[in-house]
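1. Sequence first, then the predicted structure, then my questions.
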Amino acid sequence: MEELPDRIQQLLESGVVDQDLVISKQQLIIFTRYPEPGKTKTRLIPALGEVGAADLQRQMTEQTIFEARELQKIFSISLEVRFVGGTWELMQNWLGSDLLYHDQGEGDLGSRLGRSLMAAFNQNAEQVVIIGSDCPGLNSQILAIAFEKLAVFDLVLGPALDGGYYLIGLRQPIPELFSNIDWGTDKVLQSTVDIAKTLNLSLFYLPPLADIDLPEDIEHWKQQQK
C-alpha cells in the first residue's frame, strides 16, 4: 500500500474510517484554515474585527462540510480536509474525528493544490475535486455535477466572480495547471484556462459564484443565509 497521509493510517487503525472510504475512486478535498482570530480572513478584519472575521471563517467552513456530507449521501466519495493553522487535534475537536485531515504544507497555493492532487491520485483516486471554504453558493448539487462531468471532461472549473476559481476537478495529475500562475489576482482563472487549451484538455465550466474575501463580499454571505 502507498504510504497514507498523516492521520489516515491512525484513523484506519482506530476503526473510525474504513479502508474502502479512504481509497474511494472519487475524492473531495476541502482547503480551509483554522479560525484563529487575527490570522484568518484578515482582509475582512476592518469590517468585522478579528473575532468576527474568524467566526465567519468558522461558519463558512462548517457550511462547506455540511454540503460535502450531503454529497456523500449521493456519491461514494472520500472526504479530506487540508488545513493551515491549528493542529490535527484542534481540527478534530472543531469538525469531528470522522474526517481525514492533512496539513497543506509549504509553498504557494499552486504548490499546495498540486501536492494535494498528486497525493490523492497516488491513493488510486480516479476523480479528484478541490474546493475552498469561502464560497457560500457552493452546494452539494454543484459538487455532484462536478464529479459527473469528470466522467466526460479532463478538467472541471468553478469560476469565481473575482477572476479566480472556487473549484477545480481533474481525473489525472496535471502539474502544469499550477505553475506560472499569479495566485491571488484576477488572472488566475484565465491563466488556468490558457494552460488547459495549450494542453488540449477538455473543459467544463460550473456556474460562476462569489467567494468571500473582501468587506464588499460579505453581502453575498448574508444573501445565502436568508
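-> Yes, it's here. Residues are numbered from 1 along each chain as shown.

2. Okay, and the beta partners of the residue nearest in space to the middle of the chain?
-> Geometric centre of the chain, nearest residue: residue 131, 2.4 Å, by CA atoms, centre = their mean. Counting by DSSP bridges, residue 131 forms beta bridges with residue 30, residue 167.

3. That one: what's it in contact with?
-> Counting by CB atoms under 8 Å, 6 or more residues apart in numbering, residue 131 touches 28-31, 64, 138, 143, 158, 166-167. Where you see a C-beta, it was placed from the backbone N, CA and C, and this is true even at glycine.

4. Run a quick neighbour tally on the closest residue to residue 72 other than its chain neighbours.
-> Leaving aside its sequence neighbours, residue 72 sits nearest to residue 79 (CB to CB, 6 or more residues apart in numbering; 6.6 Å). By the criterion of other CB atoms under 10 Å, residue 79 has 20 neighbours.

5. Surely residue 79 is within a strand?
-> Yes - judged by DSSP: H, G, I helix; E, B strand; the rest coil, residue 79 forms part of a strand.

6. if we can go back for a sec, can you tell me which of the contacts of residue 131 is nearest residue 177?
-> The nearest member of these to residue 177, counting by CB to CB, is residue 167 at 13.2 Å.

7. if I look at that closest one, how far off is residue 205?
-> 10 Å (CB to CB, to the nearest Å).

8. Could you do residue 215 as well?
-> 28 Å.

9. residues shared between the contacts of residue 167 and residue 205?
-> 156-158.

10. CSV please, covering these and showing secondary structure, neighbour count and distance to residue 118.
-> Shown next, in CSV, are the shared contacts of residue 167 and residue 205 (DSSP: H, G, I helix; E, B strand; the rest coil; neighbours: other CB atoms under 10 Å; distance: CB to CB, whole Å):
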residue, secondary structure, neighbour count, distance to residue 118
156, strand, 25, 18
157, strand, 22, 19
158, strand, 28, 21
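
11. what sits against the residue lying closest to residue 114 once chain neighbours are set aside?
-> Residue nearest to residue 114 in three dimensions, not counting chain neighbours: residue 178, with 4.2 Å by CB to CB, 6+ apart. Taking CB under 8 Å, 6+ apart as the criterion, residue 178 is in contact with 110-111, 113-114.

12. Show me the two of these that sit farthest apart.
-> Farthest pair in those, by CB to CB: 111 and 113, 7.4 Å.

13. Who has more neighbours out of those two?
-> residue 113 (22 against 16).

14. Surely that one and residue 170 touch.
-> No - Residue 113 is not in contact with residue 170 according to CB atoms under 8 Å; the separation is 10.0 Å.

15. May I see the buried residues of the lengthiest helix in the chain?
-> Identified as the longest helix of the chain according to DSSP state H is helix 45-72. Residues of helix 45-72 classed as buried: 45, 48, 50, 53-58, 60-61, 63-65, 67-68, 71-72 (neighbour count, 16 or more other CB atoms under 10 Å).
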